[in-house]
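K.L.:
I'd like to go over a predicted model; first the sequence, then the structure.
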Amino acid sequence: DEDPRRMYRPIEFLRSLINTHVSGNTFLETSQWSLIQKLSHFEWRIPAIWCAINQYAKEHIDHPYKAIRERIASILATSLSFDIKLPNGQSTRHPNVNQFIDSISERLDQAIRIYEKTPLATISGERVEIDSEARRALNYIETVIQLHILMFSGHIQPVKSAIIRLFPLLCEIDSIGANDDVIRQSSTISRMYFAVTYLHTYFMEQLIEQLEQ
């Protein structure tokens with residue numbers, strides 16, 4: 001049943017999972033995010049729920065566990081896919097793509113700067129120490145790239161202007177990709193999706209202007 005009026009209690013239960021903290025238990029936390037993903041069956045019918053989950057998930061983009069970051073990227077992409085322009089005007093009840101991307105761009109820029117100047121690992125004798133700040137920065141970058149891919153591959157919607165503004169930042173990670181296979185492969189896929197996307201003349205001009213800066 002995809003009618004949120006009849007499924008109120010299960011929907012509210014799934015939403016409440018974001019308030020249940022099980023940090024440290026990877027299996028339980030991964031299971032929680034997997035359950036939250038199931039809300040995608042209700043699509044655009046639960047705007048308030050998507051707003052709450054989007055806000056929460058945005059704060060965990062740099063989560064230490066890859067499996068959870070993958071689910072967070074998927075959930076964020078789903079929540080943003082309902083920001084569409086309707087015949088009678090803009091849908092304002094769902095998470096806004098432009099506002100969301102603008103809100104993460106500054107943090108992405110910071111993550112790129114941190115990773116470029118801070119070695120991820122240092123070797124001291126026989127010990128290899130991982131810098132926690134650089135690790136979080138790399139996690140953030142990886143998840144944003146994955147989100148960028150999902151916004152094009154899984155949720156076909158007209159390109160928003162903020163995506164154009166985000167692209168030059170993603171181009172700055174080439175130096176990171178040279179030393180990280182995951183970043184390099186994800187970045188290549190992201191650019192391939194972007195390359196085959198139809199852009200209105202206005203967006204094309206804006207993209208060229210952004211890249212020339």
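P.N.:
Arrived safely.
K.L.:
In contact with the most centrally placed residue in the chain: list those residues for me.
P.N.:
The chain has L147 as the residue nearest its centroid, 3.7 Å off, counting by C-alpha atoms, centre = their mean. Contact analysis of L147 by C-beta atoms under 8 Å, 6 or more residues apart in numbering lists 61, 73, 76-77. Placement of C-beta: from N, CA and C, glycine included.
K.L.:
Give the closest residue to it in space, chain neighbours not counted.
P.N.:
Of all residues not flanking L147 in the chain, A73 sits nearest, at 4.5 Å (C-beta to C-beta, 6 or more residues apart in numbering).
K.L.:
Thought H148 was touching that neighbour, still the case?
P.N.:
No - with contact defined as C-beta atoms under 8 Å, A73 and H148 do not form a contacting pair (9.0 Å).
K.L.:
so which of the contacts of L147 is the most crowded?
P.N.:
Each of the contacts of L147 was scored by neighbours using other C-beta atoms under 10 Å; the highest score is L76's, at 26 neighbours.
K.L.:
Please identify which helix or strand holds that residue.
P.N.:
In this structure, L76 sits in helix 66-80 according to DSSP states H and E.
K.L.:
circling back to that earlier point, now the contacts of L147 as CSV including distance to F13 and pLDDT?
P.N.:
Below are the contacts of L147 laid out as CSV (distance: C-beta to C-beta, whole Å; pLDDT from 0 to 100):
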residue, distance to F13, pLDDT
I61, 24, 96
A73, 23, 96
L76, 21, 96
A77, 23, 93
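K.L.:
Just put those in a markdown table and tack on distance to L35.
P.N.:
Compiled in a markdown table, the contacts of L147 are given as follows (distance: C-beta to C-beta, whole Å):
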| residue | distance to L35 |
| --- | --- |
| I61 | 19 |
| A73 | 16 |
| L76 | 16 |
| A77 | 17 |
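K.L.:
Return the closest of those residues with respect to A67.
P.N.:
Within these, the smallest distance to A67 is 11.2 Å, found for A73 (C-beta to C-beta).
K.L.:
got the contact list for the closest one?
P.N.:
Neighbour list for A73: 61, 143, 146-147, 150 [criterion: C-beta under 8 Å, 6+ apart].
K.L.:
If we use 6 Å, what do you get?
P.N.:
Under the criterion of C-beta atoms under 6 Å, 6 or more residues apart in numbering, the neighbours of A73 are 143, 146-147, 150.
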